[in-house]
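>>> Dropping a prediction and its sequence here:
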Amino acid sequence: MTDVITTPARVLVTKIGLDGHDRGSRIIAAYLRDAGMEVIYTNPWQKIEAVVALALEEDVDVIGISSLATDHLLVPKLMAALIAADLGHIRVVVGGIVPDEDEADLLSAGVSEVFHPGAVRYDIVSSVEKLAAEATNARPLD
Amino acid sequence: MNKMDKTVAAAADWQRNYDKMIGNDKVIKNRSGIEVQPLYWPQDDADGSYTEKLGFPGSDPMTRGIYPTMHRGRTWSQRQLIGLGRPADFNARIKSILKSGASALSMIPCNSVYRGIDCDEVEPEILGTCGTILNTVEDMDISLKDIPIDEISIGLNDPNPFTMLAQMLIVAENRGIPWDMITGTSNQSDYISHFVANHMFYRLSLPGAHRVQMDTITYLAEHVPNWNALSIVGQHMQQAGATPAQAMGLTLSTAIQYAHDCKARGMDPDKFLERFTFFFDISISFFEEVAKFRAGRRIWNNLVTERFGVTNPRAKRFKFHAQTSGFDLTRQQPLNNIARVTAQAMAGIFGGLQSMHTDGYDEVLSTPSEDSAKIAISTQNILKHEAHLCDVIDPLGGSYYVEALTDAMEEEILKVIGQIDDQGGMYKAVENGFVQEMIGASALEYQKQIDNNEQTIVGVNAYQEEEDASARPVLKRPPQANMEAQVERLKQIKAARDSAVLAHGLQGLRTAAQSDNINVFGAQLDAARAGATLGEIVTVLREELGFGQPLVVA
């Protein structure tokens, strides 16, 4: 059964840690906007607490973390912080330079999917759509 | 003198300069026994277009090269970027790389250094994973242990406000090496480029960075005369999505901006332009890159003459370092990247570069491994010695295609420079977001071509194969314990300082930043001598001169 999304998926596209290379995150933001999603886009170098606060404030379904220079190593901390903030329904995807050894760690920390260089536009967009629907269904009832 | 006579005279001129500079020229024969001359040019130049548009290497308009001898005389510096872990790790690595043939040193700090933060304030997971931790003069001293810093050219990836350079100058001072023996370049010194693309380096606001930049250039011109204070960077822009013509045009516009800024400080273009250097990306679009470099050289030569009245030939030289493009590398079938880097490097060599970094094939998988860095250097050596790419100057010059493309690229590049002139110069065009928009649009456009299969990428949208992940190099990260020890060491160093001396040094820096006529870089050196760390220096300057934030969000 396909989930029907009645309102556009809300996606936070951001970078945590120290690196600022943003070609990838800008392209992804454009992909998702073109597909009709609401994209909240930030400056790089976000602190984990800031990402959690923004995710709550903007009521997002999915967080996309773009990483070129090892900042993905902080993502397990982000996952823990989301759960601590009662935002465990938010799905997190990571895209960028992520070595295989690290991918397993990210997935076991609760990341839904890792996209590597060369990932196909269609796959990225449809995965984020699917995850947004999952997040909506997993959302705690008010 | 008719036009052909002019060419003959110019050729004789070049031959004289060549002989003088080369000393004993080697006889080079190809495998068929044909003796290869250092330069070829048209024997018939009836309309004079050859002398006007191409000329001879080392003479106006320098399309064919900035020196009479080019790579036949001296090949490029092999300047591999290296940085990993603790200062001692860097030191060991640089020694091994120097042994394997690198002829210059290039230093990459940890991203925390780029961001202006000491290691004791960084999440430990990401510490030292991309570069070396350089927070103190001691860190720099350990990094450069047993390295003859007065004999080797050093590239510091050292963004404004140039804390690494300050540390290195103090290391030289402590070793009794006079500063005029120090040669090299402040890479990543082009603060404007940091606001345009890759948002990696800037620590200060745009106007704050401008102030520090100009103070540093002025200070170095007086005290460290053989240091290139400014490397103007097109690499970030092209990596962020600018087309090769845009990247060249924007870089030249940036150089125009800095030249005006230097003039405004009363400096003489015939002098300060001698120290301008450039840093470019080399994509795999082979002929386009060759034409980009040839056109850039010609435009710069004409431009400094027309706009700044330069007559000193040394001040017209378009000296550049280039790095093969990481963006072109693929995660799929990663060993293919060795072939890509080879093609990119060839384009750079035929483009007439002075210094090169070739990427490790695994850069797209992780921070490059030591083995892949060695292959990258071997690639340069193979091209030089086995493929004989350096025997003849500007060997593609005269090709109908390359010359037509050089002209067409020149036209495109000049268009971009015109657009930036219309914005009131590069500083304004970046402040108002014009450049960021231009690059963003180009990045999207190219991505669409890949998405639509208009541009084939082997292994990505064509010729895909099942991937064998076990073939990938194993990642080596600095052990966490090393990083903890480094943080501990910083704490010890901080605790052992004379707090009055330190406070005095930092106050001096603050006072300089607040005043209009005290040189900030000089004050920074004093602060570093007083024991101030990278983070402390950057914090004071941020408080006084403003924090750097991206000017355009998406």
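Thanks, I have the structure now. Numbers count the residues shown, from 1 in each chain, chains lettered A, B, ... in the order given.
>>> Output the below-cut-off pLDDT ranges for the chain.
No chain specified, so I'll use chain A. Judged by pLDDT under 70, chain A has its weakly predicted residues at A:1-6, A:142.
>>> Hmm, no, I was thinking of chain B.
Within chain B, the segments meeting pLDDT under 70 span B:1, B:80-83, B:102, B:198-201, B:471, B:473-476, B:478, B:552-554.
>>> Is chain A within reach of the longest strand anywhere in it?
Secondary structure of chain B read by DSSP state E shows that its longest strand is strand B:276-282. No: on the criterion CB under 8 Å from any CB of the partner chain, strand B:276-282 is out of touch with chain A, staying 12.3 Å away. For every residue, glycine as well, the C-beta is placed using N, CA and C.
>>> neighbouring contacts of that strand?
Strand B:276-282 is contacted by residues B:185, B:187, B:190, B:228, B:230-235, B:238-239, B:244, B:247-248, B:251, B:255, B:258-259, B:289, B:292-293, B:296, B:318-325, B:344-345, B:347-348, B:351, B:353-354 when judged by CB atoms under 8 Å, 6 or more residues apart in numbering or on different chains.
>>> show me which of those neighbour chain A.
Within the set of the contacts of strand B:276-282, contact with chain A (CB under 8 Å from any CB) is found for residue B:239.
>>> Strands - which of the contacts of strand B:276-282 land there?
Mapping the contacts of strand B:276-282 onto strands (DSSP E) picks out B:185, B:187, B:228, B:230, B:231, B:232, B:233, B:320, B:321, B:322, B:323, B:324.
>>> contacting residues around the closest residue to the first one other than its chain neighbours?
The one in question is residue B:185. Take residue B:185 and drop its neighbours on the chain: the residue closest to it by CB to CB, 6 or more residues apart in numbering or on different chains is residue B:228, 4.0 Å away. Residue B:228 sits next to B:184, B:185, B:186, B:275, B:276, B:277 when contact means CB under 8 Å, 6+ apart.
>>> Residue B:191 too?
Residue B:191 touches B:159, B:160, B:201, B:202, B:204, B:206, B:209, B:210, B:213, counting by CB under 8 Å, 6+ apart.
>>> How about residue B:329?
With CB under 8 Å, 6+ apart, residue B:329 has these contacts: A:117, B:337, B:340, B:341, B:359, B:361, B:363, B:364.
>>> PyMOL command to pick out the buried ones of those residues?
Of the contacts of residue B:329, the buried ones can be selected in PyMOL as follows, counting by 16 or more other CB atoms under 10 Å in any protein chain shown:
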select buried, (chain A and resi 117) or (chain B and resi 337+340+341+359+361+363+364)
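>>> and which of the contacts of residue B:329 is nearest residue A:133?
Checking the contacts of residue B:329 against residue A:133 with CB to CB, the nearest one is residue A:117 at 26.5 Å.
>>> State the distance from the closest one to chain B.
Counting by CB to the nearest CB, to the nearest Å, the gap from residue A:117 to chain B is 5 Å.
>>> Now the two most distant members of the contacts of residue B:228.
So, the contacts of residue B:228 by CB to CB: farthest apart are B:184 and B:276, at 14.5 Å.
>>> Thank you, goodbye.
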